[in-house]
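Colleague: structure, please.
(one chain, ligands or ions: 1)
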Amino acid sequence: MKDQIQIYIVGSGYVGLVAAACFAEIGHRVVCVDNDEAKVQMLREGGVPIHEEYLPELLNRHRANRVEFTSDLKSAARAAQAIFIAVGTPQSETGSADLSYVDAVASEIARSIGDYKVIVEKSTVPVYTNEWIRKVVERNGVPQDLFDVASNPEFLREGTAVVDFLHPDRIVLGAQTERAAAVLRAIYEPLTSGAYYRVDHAVPGPRTSDDPPPVLLTTTKAAEIIKHASNAFLATKISFINVVANICEEVGADVQDVARGMGLDSRIGPKFLRAGIGYGGSCFPKDVAAFRHVAEQMNVDFGLLEEVEKINAEQKRRFFQKVRSALWTFRGKKIAALGLAFKGGTDDIRESPALEIVEMMLREGALVRAYDPAAAARASEMIPAGPQMRYMDDPYEAARDADAVVILNDWQEFAELDLPRLKKTMHFPIIVDGRNLYAPQVPLELGFTYISIGRPAAHGLTVSVERAGSDLRRPAMQARAFVPPRIAPLVGCETQTGTLARSEGA
Ligand code: UGA
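Modeller: Residues are numbered from 1 along each chain as shown. Next comes the predicted model:
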């Protein structure tokens, strides 16, 4: 691999820390700065503040030689050739991205510039941010020929961020000058040349030396838009399939068959068509709102994104109603909530639909026993443990005497539950699965009532159900019904898939 480049990263959150570890892994020398002294100390001592596969290994491998942590922005930045800004861009009250951290960091960087540097936006920012950074640096007295501002958006998913970084679909480099582009190209050269994939310790992933990632060199504005548009498009795909799932529920079709059928069309693609309880996390909700706001400012009508947000909010409410339909009322019911993070594989609870649904159940008087392989500590800061809410150490403990198990995120562990064991511990064998982790036949054959998203509900006992008022659109059918002894037979979804959907629509 080529000579190392001195890289400086401001911000040691998910993006900054993963980028620091991965840049070191591909041979560069990295200083990671954060103004949180306690975090810096923890990182120096070998701690890893986030749950991310391969990150502890990479930090251990490079901490002693190629990665350094500091809270001293100015002195460390002096030696850097490229300074990456990876600070937070939270959502402001108006929905736009709050760029005050970026602004503050740009001023600070300006004070440390003595020779040529490329300042690279890595945080997700609205178009024109690079121009603002340029203005801020210039206002602080730095001559134009001593710096360039570039944009290098990241497309990392939490939980698989290291693999996504080292085996990307594409590398987007937005630069206005050849000088800046050359520095960025050199930084990613170990990946784009394929050299990294030949080294012994390379993190495994889809890329190989024969199939290295492509580079897209664009203007900075295009790079900024690529990031927002990609996240907004993926969120749109999710909301789209969630509405399709709701139609499937109404007609008794399986959304997974539909998604498979759509995804086989190479123009559509199979990814991000998993119906569920709506998207969450620190990126999609914020970025959809921010992109909508950018469009508004440019006087462009992007009402589509408002719909995407509306559908996403409705999907959580709809799932909550589904749990209610299975239990009739929440007050005093014991519910095992499996999943707290916004998705499996992470401890991140920001904008977590799982947590939102737990909160709704608590508000209605349910007794929640929650389990998540990684997110319980963070969740307990938001929802403290108490008589109504308890955090358990394993899913079977959470399910003890439960009236229902509710699956809220997609940890692999939840897709591999020992269902007979789970059933034995539960009061009623009801699973409401917000992530479609099981083929309905599997829990059904074990005697569970299994309710999922966009698929016919599966029930434990075979009972012939007469459909009143059936019409051509929804032909009368034989449904498998299970009426738990403690629950009154008012429960819509206990007898008919279509009934469940109808009661939700009210
Ligand atoms: C997302 C993007 O996927 C990354 O490319 C991007 O870099 C990142 O945001 C970012 O901007 O930093 P992430 O937020 O980690 O990554 O999570 P995803 O895996 O994209 O999932 C987002 C949400 O959508 C989760 O709540 C997930 O459960 C949900 N989802 C995802 C679905 O409901 N259905 C799907 O088919 C896929």
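Colleague: so who does the single nearest residue of the stretch 1-150 of the chain relative to the ligand touch?
Modeller: Nearest residue of the stretch 1-150 of the chain to the ligand (Cβ to the nearest ligand atom) works out as residue 124 at 5.4 Å. From N, CA and C alone the C-beta is placed, and that goes for glycine too. Counting by Cβ atoms under 8 Å, 6 or more residues apart in numbering, residue 124 makes contact with 89, 97, 153, 227, 228, 231, 283, 286, 287, 290.
Colleague: now, these that are in helices?
Modeller: Counting by DSSP state H, the part of the contacts of residue 124 found in helices is 227, 228, 231, 286, 287, 290.
Colleague: residues near the first one, how many?
Modeller: If I follow you right, that is residue 227. Here the number of neighbours of residue 227 (other Cβ atoms under 10 Å) works out to 26.
Colleague: what about the helix or strand where residue 105 lies, average pLDDT?
Modeller: Assigned by DSSP states H and E, residue 105 belongs to helix 100-110. Taken as a whole, helix 100-110 has a mean pLDDT of 87.
Colleague: please name every helix or strand in contact with it.
Modeller: Applying 3 or more Cβ pairs under 8 Å, 6 or more residues apart in numbering; DSSP states H and E, one finds that helix 100-110 contacts helix 73-78, strand 82-85, strand 117-121, helix 129-139.
Colleague: check which residues of it are buried.
Modeller: Using 16 or more other Cβ atoms under 10 Å as the test for burial, helix 100-110 gives 101, 102, 105, 106, 108, 109, 110.
Colleague: so the fifth one touches residue 76, yeah?
Modeller: To tie it back to what came earlier, the one meant is residue 108. No. With contact defined as Cβ atoms under 8 Å, residue 108 does not count as touching residue 76 (11.2 Å).
Colleague: so how far is the ligand from the closest residue to residue 277 other than its chain neighbours?
Modeller: Leaving out its chain neighbours, the residue that sits closest to residue 277 by Cβ to Cβ, 6 or more residues apart in numbering is residue 434, at 3.9 Å. Going from residue 434 to the ligand by Cβ to the nearest ligand atom, to the nearest Å gives 9 Å.
Colleague: next up, phi/psi of the residue nearest to residue 157 when sequence neighbours are not counted, please.
Modeller: In this structure, residue 157 finds its nearest non-sequential neighbour in residue 164, 5.7 Å apart by Cβ to Cβ, 6+ apart. Residue 164 adopts backbone torsions of phi -60, psi -40, taken as degrees, to the nearest 10.
Colleague: hmm, residue 431 is touching residue 448, no?
Modeller: Yes. The criterion here is Cβ under 8 Å, and residue 431 meets it with residue 448 at 5.4 Å.
Colleague: ok, residue 440 - contacts?
Modeller: By Cβ under 8 Å, 6+ apart, the contact set of residue 440 is 450, 452, 455, 456, 457, 458.
Colleague: make TSV out of the residues you listed and add distance to the ligand.
Modeller: Output for the contacts of residue 440, formatted as TSV (distance: Cβ to the nearest ligand atom, whole Å):
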residue	distance to the ligand
450	19
452	13
455	15
456	20
457	20
458	21
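Colleague: of those, closest to residue 383?
Modeller: Set against residue 383, the nearest of the contacts of residue 440 by Cβ to Cβ is residue 452 (25.0 Å).
Colleague: which ones are touching that closest one?
Modeller: Contacts here follow Cβ under 8 Å, 6+ apart; on that basis residue 452 touches 432, 433, 434, 436, 438, 440.
Colleague: give me that answer again for 6 Å
Modeller: 433, 436 (Cβ atoms under 6 Å, 6 or more residues apart in numbering).
Colleague: before we move on, what about residue 213?
Modeller: For residue 213, counting by Cβ under 6 Å, 6+ apart, the contacting residues are 168, 171, 191, 207.
Colleague: tell me which two of the residues you listed sit farthest apart.
Modeller: 171 and 207 (10.9 Å).
Colleague: out of these two, which sits in the busier spot?
Modeller: Set residue 171 next to residue 207 and count neighbours by other Cβ under 10 Å: residue 171 wins out with 22 against 19.
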